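>>> can you look at this prediction? I've put the sequence above it.
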Amino acid sequence: MIELTAPELAPRSIAVPAPPQWPTQSAAEIAAQRARIAQLLTERRAVLVAHYYTDPELQSLAEETGGLVADSLEMARFGTETDAEMLVVCGVRFMGETAKILNPEKRVLMPDLRATCSLDEGCPAEALTAFCDAHPEHTVVVYANTSAAVKARADWVVTSSIALPVVEHLAAQGQKILWAPDKHLGRYVQRVTGAEMLLWNGACVVHEEFKSFALERMRALHPEAAVLVHPEAPDAIVAQADVVGSTTQLIRAVTELPNRAFIVATDAGIFWKMRQLAPEKQLLPAPTAGEGATCESCAHCPWMAMNALQNLEQVLISGDQEIQIDAAIRDRAVLSIQRMLDFAREHGIGRPTKTT
């Protein structure tokens, strides 16, 4: 394996917001608000699409109203398959942008357009374009956690559930890969596939918080537990995993492995779906405690936390917070996204994890 790095790319400082403080609601108030939102979805001919990392109230509401709870790949597919006139995307901005790129004729709303992603923020289109132009012999593969403008510069877009087979396919053709933006996922893909890859220096602020020494101690306390790790985590965390995979793959592991307990190293929002599908299993959040930590396990994206029932209802009333994509960017970005979707279909990759 040839390992290439990009030492000239210094890590970019990302301003991480404090998680929003939503007003406390009684069970009756929550039920009433959910009923109002369901009615608004019907009136607007809208469908709710939520990521596994969002609040459990949003995930359950999406399923109850005929929407979808899924990973990035299935969220992208779903918008093209539904006959709804409006997509309401609960997640972060790149997910809403992807939905709009694939469905330019539909309105795409989000509860808060400020909900971004540290990977997206750490990979500006202008800087990536300059990096790509400096290495024209490389095929540009970008993670889905990027802006529409970055996707417009890419040859391929991938999600964590499809990154390995795509890069393996390209490497088999002798192609050299320029990968952006997640260096941890890039290194994992590089190790598994043996591809020649040049890596952008980006990382997820949530997954970087997992602490390897603390995980080692937790494993010693729970030797029966399988360790499930998302590949956005650092190498020292991935090295301790029994299963490394996308959100959907980790959820599937909880339902299929015989272990009664699991240590889970990804965003805590995933526990709702895991508990729904495997209520008898013990789920333990991987530790983020360590030097400079403020809690034992605080792995939850602050931008995902910007999605809540309160602003979801408001956006359905007002119709604002709508995703808009420049037509020229959309025309280029749709090519790299569609290439991923076509590859997934041809190779039978993915489909949502269903409630059983």
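Perfect, I can see it now. Residues are numbered from 1 along each chain as shown.

>>> ok, residue 44 - contacts?
Residues near residue 44 by C-beta atoms under 8 Å, 6 or more residues apart in numbering: 85, 86, 316. Every residue, glycine included, has its C-beta placed from N, CA and C.

>>> could the residues you listed go into CSV alongside secondary structure, pLDDT and distance to residue 350?
As requested, these are arranged in CSV below (DSSP: H, G, I helix; E, B strand; the rest coil; pLDDT from 0 to 100; distance: C-beta to C-beta, whole Å):
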residue, secondary structure, pLDDT, distance to residue 350
85, coil, 97, 25
86, strand, 97, 24
316, helix, 98, 29
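
>>> which among those residues end up buried?
Among the contacts of residue 44, those classed as buried by 16 or more other C-beta atoms under 10 Å are 86, 316.

>>> for the contacts of residue 44, give me a markdown table that also has distance to residue 67.
Listed next are the contacts of residue 44 as a markdown table, based on distance: C-beta to C-beta, whole Å:
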| residue | distance to residue 67 |
| --- | --- |
| 85 | 14 |
| 86 | 11 |
| 316 | 13 |
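
>>> now the helices for the stretch 51-200 of the chain?
Secondary structure of the stretch 51-200 of the chain (DSSP state H, counting those that start in this stretch): helices at 56-64, 72-81, 93-102, 118-121, 125-133, 148-153, 163-172, 183-193.

>>> domain parsing for the chain?
With domains defined by automatic domain parsing, the chain comprises 27-115+305-326, 119-199, 207-300.

>>> for those domains, which one sits closest to residue 349?
domain 119-199 (5.4 Å; C-beta to C-beta).

>>> now do the end-to-end distance for stretch 226-245.
Counting by C-alpha to C-alpha, to the nearest Å, you get 13 Å between the two ends of stretch 226-245.

>>> could you list the buried residues of stretch 248-260?
Those would be 248, 249, 250, 251, 252, 253, 254, 259, for stretch 248-260 by 16+ other C-beta under 10 Å.

>>> just stretch 220-228 next, same as before
For stretch 220-228, by 16+ other C-beta under 10 Å, it's 222, 225, 226, 227, 228.

>>> mind checking which of these are in strands?
Cross-referencing those against strands under DSSP state E gives 226, 227, 228.

>>> so where is the stretch 251-356 of the chain shaky, pLDDT-wise?
Scanning the stretch 251-356 of the chain with the threshold set as pLDDT under 70 gives 289-297, 351-356.

>>> nearest to residue 347, of the domains of the chain?
domain 119-199 (6.1 Å).

>>> follow-up on the earlier one: mean pLDDT for the helices of the stretch 51-200 of the chain: which is lowest?
Comparing mean pLDDT across those, the weakest is helix 72-81, with a mean of 90.

>>> quick one on the thing from earlier: ok, the buried residues of stretch 248-260 vs residue 185, which is closest?
When the buried residues of stretch 248-260 are compared against residue 185 (criterion: C-beta to C-beta), the nearest one is residue 249, at 13.2 Å.
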